[in-house]
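This is a predicted model, with the sequence first.
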Amino acid sequence: MSACHDCTKAAATWHWGGTRLGCRGCEIRDLATMPKKRRDEALDAAAVQDLEAARALRREVRAEFDRIQALKAGMAPKGPAT
């Protein structure tokens, strides 16, 4: 599976907001960047359909969330805010 333009940009820019309809990477990133309560509700709703698929989805979303957090930490300002 090849990455779309938005997934490629988001790989290096934690706050990239672009998404492509139907792109699995964009869907995962969208879930990973939701507020926790909304993310949990969306993942719980997926569990009603297929528990095993929902568990796999939850793992993918968590990995993307962790990737974004690591990218944010690397992009933290070095000096005091002005």
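Nice, thanks for sending it over. Everything numeric in this text was worked out from a predicted model, so none of it was measured.

In space, not sequence, find me the middle residue of this protein.
For the chain, the residue sitting closest to the mean C-alpha position, by Cα atoms, centre = their mean, is Arg29 at 2.5 Å.

so where's this protein shaky on pLDDT?
The model of the chain has pLDDT under 70 over residues 1-2, 75-82.

Scan it for its longest helix.
As assigned by DSSP state H, the longest helix anywhere in the chain is helix 51-74.

buried residues in it?
Applying a neighbour-count criterion of 16 or more other Cβ atoms under 10 Å, the buried positions in helix 51-74 are Ala54, Leu57, Arg58, Glu60, Val61, Glu64, Phe65, Ile68, Leu71. C-betas here are computed from N, CA, C, even on glycine.

For that helix, name the packing helices and strands.
Contact here means 3 or more Cβ pairs under 8 Å, 6 or more residues apart in numbering; DSSP states H and E; on that basis helix 51-74 packs against helix 24-33, helix 36-49.

sorry, back to before: I'd say the residue nearest to the centre of the chain and Ala10 touch.
Yes - between Arg29 and Ala10 a contact is recorded at 5.8 Å, counting by Cβ atoms under 8 Å.

count of residues packed around Leu43?
17 (other Cβ atoms under 10 Å).

Pull the residues that contact the longest helix of the chain.
Under the criterion Cβ atoms under 8 Å, 6 or more residues apart in numbering, residues Ala12, Thr13, Trp14, Ile28, Arg29, Leu31, Ala32, Thr33, Arg39, Leu43, Ala46, Ala47 lie in contact with helix 51-74.
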